[in-house]
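> got a structure for you, letters missing:
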């Protein structure tokens, strides 16, 4: 399987996506729903927007292996 070529998202798109994350977070307060935005151009510092923090993550935290695998087209079987 060939890895997908990484594309850079323009800054104005990231700003718009960040605003969407903020608005979604405000729409679902105190429900245990965490809204995240990752910029995968730098996986070790990918978390660029975070609302309704439930997992204890911080801005500029790195991504998880799951996100990297999904980006690369690999699937994960759900564990019970």
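Okay, I see it. Being a predicted model, the structure only gives us computed values, none of them experimental.

> would you list every one of the helices in this protein?
11-27, 65-71 (DSSP state H).

> tell me which residues in the last one are buried?
This means helix 65-71. When burial is assessed from 16 or more other Cβ atoms under 10 Å, helix 65-71 yields no buried residues. To be clear about C-beta, it is placed using only N, CA and C from the backbone, and glycine gets the same treatment.

> from residue 39, how far out is residue 8?
Note on residue 8: its distance to residue 39, by Cβ to Cβ, to the nearest Å, is 9 Å.

> who's in contact with residue 33?
52, 54 (Cβ atoms under 8 Å, 6 or more residues apart in numbering).

> next one, pLDDT for it please.
pLDDT, residue 33: 94.

> tell me where this protein is predicted with low confidence.
1-7, 75-80 (pLDDT under 70).

> give me the neighbour count for residue 35.
Neighbour count for residue 35, taken as other Cβ atoms under 10 Å: 19.

> residues contacting it?
Taking Cβ under 8 Å, 6+ apart, one finds 21, 24-25, 28, 49-52 in contact with residue 35.

> mind running it again at 6 Å?
21, 24-25, 51 (Cβ atoms under 6 Å, 6 or more residues apart in numbering).

> roughly how far apart are it and residue 28?
Distance from residue 35 to residue 28, by Cβ to Cβ: 8 Å.

> likewise residue 34?
Distance from residue 34 to residue 28, by Cβ to Cβ: 10 Å.

> between the helices of the chain, which gets nearest to residue 44?
helix 65-71 (10.8 Å; Cβ to Cβ).

> if we can go back for a sec, when residue 8 and residue 39 are compared, which one has more neighbours?
Using other Cβ under 10 Å, the more surrounded residue of residue 8 and residue 39 is residue 39, with 19 against 10.

> count of neighbours near the nearest residue to residue 8 once chain neighbours are set aside?
Nearest residue to residue 8 in three dimensions, chain neighbours excluded: residue 41, at 5.7 Å (Cβ to Cβ, 6 or more residues apart in numbering). Neighbour count for residue 41, taken as other Cβ under 10 Å: 12.
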